[in-house]
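**Student:** Predicted model follows, preceded by the sequence.
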Amino acid sequence: MNDYAIRAEGLTKSFGKKHAIDSLDFALPAHGITGLVGRNGAGKTTLMKLCAGIVAPSNGTLKVWDQAPLNNLSVLNQLIYSYHDVSYSNGLKLQAILRDYQLMFPNFDISFANGLLAYFDMNPKKRYSKLSQGTKATFNFICALAARTPLTMLDEPVLGMDVTVRKAVYDILVREYSEHPRAFVISSHLMSEIEGFLDDVLMIDAGKLVLHDSINNMHQSAYQLQGDAALLEQFVSGKRVIHRDFGETGNTVVIHEAANEQMAIAAQAAGLQLSAVRPEDLYVYLTLENKGGDLECLWHNSQESKNES
């Protein structure tokens, strides 16, 4: 098996004049759980469809198991792309859909799938079209896991699920990976829910690569400072500031670099408070870079308008 499940160089997908995916370079390992993170409309689904051979790249190269996936059965037999609202022929029952998956995927574990149906109290004789949105999402998740393909891509898999089901789904996914290691790619805009079991994060925004790093590095890759505005500006001069929030509730600056002990001592000496930045917050700051001040202006502008009237 190859060292990388997916490799992209200059990968671009355009729809008319719009770049849904814009010159992406990345490589995802053959084993591990990667979080594909971005806001709604960031390009996550388009990227997964490219990897699944559903759409063709406009430019650049894309290799899945070291081959181009488009119209390539030898590649497509080694992956599954699943999402929360997969469509099936009208009237199909769950047990019939599972049988179809058995025919399509040689490693499909029907016993495992039926066991999960029972765990989630799903009647295999029920029609898929009669399921709620959350139950459809759970069923599609079950099918994707039971297929046991070398590459499993889950596109926003928990949409519509209630919080208890989502928790169970994440626990099952982690256990499944420990029992049958392979390449997982999970897209989500809910970084806080998935960061606990990810190996690495591929973060995109407007089709562009924002960050690709291990989750461990993300925990150490940024810090925030709080304190007097003038002291903050002096202290962060020359550093990569990715967020400023100066307002009546306090002053905060976020720096995209690792904080060491010397930095912490210097901040304390300057009368500033230094603390770590969670991966979820880093994701927000990197995709909404330096917009904190824009929000503050809304209230100032509103007050100025009142004063003028």
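**Tutor:** Looks like it arrived, so ask away. Residues are numbered from 1 along each chain as shown.
**Student:** can we go C-alpha only for contacts and neighbour counts from here?
**Tutor:** Fine.
**Student:** Look up the closest residue to Val37, ignoring the ones flanking it.
**Tutor:** Distance criterion C-alpha to C-alpha, 6 or more residues apart in numbering; nearest residue to Val37, sequence neighbours excluded, is Met203 at 4.7 Å.
**Student:** For the stretch 51-200 of the chain, just list every one of the helices.
**Tutor:** Secondary structure of the stretch 51-200 of the chain, counting by DSSP state H, counting those that start in this stretch: helices at 73-76, 94-104, 110-119, 133-147, 163-179, 191-194.
**Student:** so who does the residue nearest to Arg182 when sequence neighbours are not counted touch?
**Tutor:** With sequence-adjacent residues excluded and distances taken as C-alpha to C-alpha, 6+ apart, Arg182 is closest to His31, at 4.6 Å. By C-alpha atoms under 8 Å, 6 or more residues apart in numbering, the contact set of His31 is 5, 181-184.
**Student:** burial count for Gly271?
**Tutor:** Other residues lying near Gly271 total 13 when counted by other C-alpha atoms under 10 Å.
**Student:** That should have said Phe120, apologies.
**Tutor:** So Phe120, with other C-alpha under 10 Å, has 16 neighbours.
**Student:** Could you give the backbone dihedrals for it?
**Tutor:** Backbone dihedrals for Phe120, given as degrees, to the nearest 10, come out at phi -90, psi 10.
**Student:** picking that back up, in strands, which of the contacts of His31 fall?
**Tutor:** Among those, the subset assigned to strands under DSSP state E consists of 5, 183-184.
**Student:** outside of stretch 78-91, which residues touch it?
**Tutor:** Residues from elsewhere that reach stretch 78-91, judged by C-alpha under 8 Å, 6+ apart: 48-49, 52, 127-129, 133-134, 136-138, 140-141, 144, 147, 149-159.
**Student:** Which helix or strand contains Ala267?
**Tutor:** helix 261-269 (DSSP states H and E).
**Student:** what does Val284 give?
**Tutor:** Using DSSP H and E, Val284 falls within helix 279-287.
**Student:** where are the low-confidence patches of the stretch 51-200 of the chain?
**Tutor:** For the stretch 51-200 of the chain, no stretch has pLDDT under 70.
**Student:** Next, please give the residue ranges for the helices of the stretch 201-309 of the chain.
**Tutor:** Using DSSP H, counting those that start in this stretch, the helices of the stretch 201-309 of the chain run over 215-219, 229-235, 261-269, 279-287, 292-308.
**Student:** Going by mean pLDDT, which of those comes out lowest?
**Tutor:** Ranked by mean pLDDT, the helices of the stretch 201-309 of the chain bottom out at helix 292-308, which scores a mean of 57.
**Student:** Tell me how far the nearest residue to Leu47 once chain neighbours are set aside lies from Gly41.
**Tutor:** Nearest non-adjacent residue to Leu47, counting by C-alpha to C-alpha, 6+ apart: Ile21, 6.9 Å away. Here Ile21 is placed at a distance of 11 Å from Gly41 (C-alpha to C-alpha, to the nearest Å).
**Student:** Fine, thanks again, bye for now.
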